[in-house]
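Q: all I have is the shape, not the residue letters:
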């Protein structure tokens with residue numbers, strides 16, 4: 001891994017250019033351009049706020065819009081990176097067949113372009129939250145740490161899926177369904193604290209809330225964003241540190257699979 005990272009650093013200009021290319025292609029012939037990175041989550045926030053507060057009346061939060069946006073932004077960063085990263089090798093077949101470069105830069109550039117969108121949209125959350133009365137605390141200083149952990153988790157999954165997708169193109173199709181299901185299983189539009197601590201299932205007491213954190217790292221990541229940005233409280237360190245460990249394991253697994261299969265990419269794509 002150290003050798004691969006050193007090689008990526010040598011090709012850092014290529015990585016930057018691919019990241020910029022992805023941003024340009026995404027907003028090509030668009031009148032609003034990168035402003036869509038702001039409008040997309042805002043429009044989704046308005047839809048969910050309308051449905052849950054007006055139509056269903058399931059939330060009395062005055063600042064429900066900020067509550068939703070706090071979960072939507074990191075989720076959009078995650079889902080956009082995963083869906084784009086999964087097809088990054090196949091979609092750049094013409095490059096892989098013509099010139100040598102570390103293949104690692106392809107899924108990484110997708111993640112970085114989505115990171116730019118995330119960082120561009122993040123100030124909107126701060127302004128909206130302030131207008132709705134959310135008060136920020138010093139715990140907001142933990143934000144860079146949470147972002148880095150999410151990046152590690154995304155990179156690991158992207159490396160794994162992008163490599164497997166070269167040999168089994170169904171992965172891209174399957175992930176569209178998985179990402180949709182994953183969205184509803186993650187506390188983006190609902191609060192993880194609304195889950196029961198435990199529930200009897202087939203005569204067995206199941207710790208529902210704890211298993212949500214353990215089985216779904218994104219639940220822990222999104223909940224951590226919400227803790228420091230919306231509730232203004234400390235990180236739940238027990239679950240967060242477990243998520244850090246999980247993210248590192250996923251990264252190592254993704255890198256191992258990617259590194260083992262990358263030699264066959266050119267002949268398969």
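A: Done, it's in. Everything numeric in this text was worked out from a predicted model, so none of it was measured.

Q: centre of the chain to the biggest helix by length in the chain, how far?
A: Ranked by residue count, the top helix of the chain under DSSP state H comes out as helix 105-131. Helix 105-131 sits 10 Å away from the centroid of its parent chain (C-alpha atoms, centre = their mean, to the nearest Å).

Q: and what of stretch 135-146?
A: A distance of 18 Å separates the centroid of the chain from that of stretch 135-146, by C-alpha atoms, centre = their mean.

Q: same thing with stretch 73-86?
A: Worked out by C-alpha atoms, centre = their mean, stretch 73-86 lies 5 Å from the chain centre.

Q: which strand or helix spans residue 85?
A: Assigned by DSSP states H and E, residue 85 belongs to helix 64-86.

Q: about what we covered before: the longest helix of the chain to helix 64-86, inter-axis angle?
A: Angle, helix 105-131 to helix 64-86, by axes from the mean of the first three to the mean of the last three C-alpha atoms, to 10 degrees: 180 degrees.

Q: name the helices or strands packed onto the helix or strand that helix 105-131 is followed by?
A: Using DSSP H and E, the helix or strand that follows helix 105-131 in sequence is helix 143-167. Applying 3 or more C-beta pairs under 8 Å, 6 or more residues apart in numbering; DSSP states H and E, we find helix 143-167 packed against helix 64-86, helix 88-91, helix 105-131, helix 170-185, helix 217-226, helix 237-261, helix 265-268. Yep, even glycine has a C-beta here, placed from its N, CA and C like the rest.

Q: got the buried residues for helix 143-167?
A: Buried residues in helix 143-167, defined by neighbour count with 16 or more other C-beta atoms under 10 Å: 146-147, 149-166.

Q: how distant is that helix from the center of its chain?
A: The answer for helix 143-167 is 8 Å, by C-alpha atoms, centre = their mean.

Q: next: stretch 45-58.
A: Centre-to-centre, stretch 45-58 and its host chain are 24 Å apart (C-alpha atoms, centre = their mean).

Q: likewise for stretch 48-68?
A: Remark: stretch 48-68 is offset 23 Å from the chain centroid, using C-alpha atoms, centre = their mean.

Q: report the buried residues of it.
A: Using 16+ other C-beta under 10 Å as the test for burial, stretch 48-68 gives 48-49, 52-53, 59, 63-68.
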